[in-house]
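1. Give me a 3D structure for the following:
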Amino acid sequence: MGRGEGSRPFRLAIVLCHPVQYFSPLFRQLAQQAEIDLTVLYSSLAGSLPAKDREFGITVAWDTPVLDGYKFKTLMNLWRGAPGGFWSSASPGIVAELRRGRYDAVLVYGWGEVSAWLAIMAARSRNMPCMITSDSNYIYEKDLRWLKAHVKKAVLRTLFRNIQAFLVTGPFNRMFYESYGVGNDKFFLAPLAVDNEYFMQRAELARRRKGELRGRYGIPADVVLLLFVGKLIPRKRPFDILCALKELQPAFPNLGAAWVGDGELRPHLETEIASGGVKHAFLLGFKNQTELPDLYAVSDIFVLPSWHDPMPLVTNEAMASGLPVIASNRTGVWGPGGLVREGETGIVYAAGDTEALSEAVRRLVGDPGIRRAMAKRATEVVQEFGLGRCVNGVLEALRFVVRR
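-> Next up is the predicted model:
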């Protein structure tokens, strides 16, 4: 149904700096809803074109469609450089577009670029309902210096008063908004999600060829494999897995680890692996979206050791692919109602504590029964964080702000 019996659908504008491979499946599902007439407004098409990723250190071209299945417009961007930073999305045309497009509401992704602020202010000037979503995480608020914390609080409290609904992506995201005075009546659960069915089905097919796939990557069949997926950069702490490997291999000689990704730390990892006498350590490099299910399927435990990772969707992918998760407590995937639930879908440990990480790995490697039980539960829990739940959250928020 639309806005009422026989009425037209809600006209929704989504404002985003550039196409993101993780968001496109959601936009396609939103576009299929009878209640929504969706248009995504981009400042740049950078995410849909091959481009040098500064943190990966390589040119990346996603092998899944990011612009198919939904309407979008590209607005003129005053910035001509690579995406990243407050000024990298500066499209003054967003004001005129929201004015003439006769949208019923606008959904803005974050507030980290000029275009987001322009959209929020344009919506206010037209008395148009404005919704916001982000992966901001309460965990990191205590890291702020006194002056920055007070300035940020003043700015965001003012900004948030202009927002009619907040799409909450997880428990720490909700706590973040609450710390800036947002009331519970404005919260709607819309978790960041991946296409769970895609990863479940692809991983299941890949497991039937597990021996063949491991052989392709040079991984012995009897190795219990830890998996890291992400950029090899300091805040992701990929070296912590290597520390755990060194600690545990004397007791578990068939323990191994694979790092999927690239970045500035790769040569240092290569040197350490070569000189440290570590066995079964595989640096597999960057792998594209369609290759990831195979790698989840040949692994046994997913490890997320990051010091700063607000809502890493690789966790969703790993759990949908049937892996238990060991995650640091500086990531946004755990907590009450989160993805990683202690002793249920995985283990949470103190970020940077390599002894605690080693103990978590020891527990799962030494007890295949617990590992299998957590893997099974992971595939169940991740269904609570699917695209359908996100679509429902957007619809609930949209009905609320327009009818209010």
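2. going forward, measure contacts and count neighbours with C-alpha atoms only.
-> Fine.
3. mind checking the SS state of residue 226?
-> strand (DSSP: H, G, I helix; E, B strand; the rest coil).
4. Name the helix or strand for the spatially closest residue to it that is not a sequence neighbour, please.
-> For residue 226, ignoring the flanking residues on the chain, the nearest one in space by C-alpha to C-alpha, 6 or more residues apart in numbering is residue 257 at 4.4 Å. Here residue 257, judged by DSSP states H and E, is contained in strand 255-260.
5. Show me where the stretch 151-300 of the chain has its strands.
-> Along the stretch 151-300 of the chain, the stretches classed as strands by DSSP state E, counting those that start in this stretch are 165-168, 187-189, 224-229, 255-260, 281-285.
6. ok so, going back, mind listing what the residue nearest to residue 226 touches?
-> Residues near residue 257 by C-alpha atoms under 8 Å, 6 or more residues apart in numbering: 225, 226, 227, 228, 241, 242, 245, 280, 281, 282.
7. hang on, residue 39 packs against residue 71?
-> Yes. Residue 39 lies in contact with residue 71 (C-alpha atoms under 8 Å); the separation is 5.0 Å.
8. what about residue 17, distance to residue 48?
-> 12 Å (C-alpha to C-alpha, to the nearest Å).
9. Those two - which one has more neighbours?
-> Taking neighbours as other C-alpha atoms under 10 Å, residue 17 and residue 48 compare with residue 17 leading, 29 against 19.
10. so after the lowest-mean-pLDDT helix or strand in the chain, what's the next helix or strand?
-> Across the helices and strands of the chain, mean pLDDT, DSSP states H and E gives its lowest value to strand 51-53, namely a mean of 70. Beyond strand 51-53 on the C-terminal side, the first helix or strand identified by DSSP H and E is strand 58-60.
11. Summarise which helices and strands that following strand is packed against.
-> strand 51-53 (3 or more C-alpha pairs under 8 Å, 6 or more residues apart in numbering; DSSP states H and E).
12. helices or strands up against the helix ranked longest in the chain?
-> For the chain, the helix that runs over the most residues, judged by DSSP state H, is helix 387-403. The contact analysis (3+ C-alpha pairs under 8 Å, 6+ apart) places helix 387-403 against helix 24-31, strand 105-109, strand 165-168, strand 187-189.
13. 10 Å instead, please
-> strand 10-16, helix 24-31, strand 36-42, strand 105-109, strand 130-133, strand 165-168, strand 187-189 (3 or more C-alpha pairs under 10 Å, 6 or more residues apart in numbering; DSSP states H and E).
14. and the angle from it to strand 105-109?
-> For helix 387-403 against strand 105-109, the angle by axes from the mean of the first three to the mean of the last three C-alpha atoms, to 10 degrees is 130 degrees.
15. Let me know whether residue 135 touches residue 175 as I believe.
-> No. Counting by C-alpha atoms under 10 Å, residue 135 sits too far from residue 175 to count as a contact (11.5 Å).
16. Neighbour count for the two, which is higher?
-> residue 135 (22 against 17).
17. Excluding sequence neighbours, find me the nearest residue to residue 24.
-> In space, residue 24 is closest to residue 66, 5.3 Å off (C-alpha to C-alpha, 6+ apart).
18. I should have written residue 228 there, sorry.
-> residue 259 (4.8 Å).
19. So what's the residue count around residue 60?
-> Residue 60, neighbours per other C-alpha under 10 Å, totals 17.
20. And the helices in the stretch 251-400 of the chain?
-> Applying DSSP state H, counting those that start in this stretch to the stretch 251-400 of the chain gives helices spanning 266-275, 292-297, 314-320, 354-366, 368-381, 387-403.
21. Kindly provide the distance from the residue nearest to residue 226 to residue 276.
-> 14 Å.
22. tell me the domain ranges of the protein?
-> Domain assignment for the chain, taken from automatic domain parsing, gives 10-193+386-403, 196-384.
23. Quick check: end-to-end length of the first one?
-> Looking at domain 10-193+386-403, the gap from its leading to its trailing residue is 11 Å under the measure C-alpha to C-alpha.
24. and residue 113, what does it touch?
-> 16, 17, 84, 85, 86, 87, 88, 89, 90, 91 (C-alpha atoms under 10 Å, 6 or more residues apart in numbering).
25. Secondary structure element for the third one, which one?
-> Same thing as residue 84. Going by DSSP H and E, residue 84 is not part of any helix or strand.
26. Show me what the residue nearest to residue 226 is bridged to.
-> residue 226, residue 281 (DSSP bridges).
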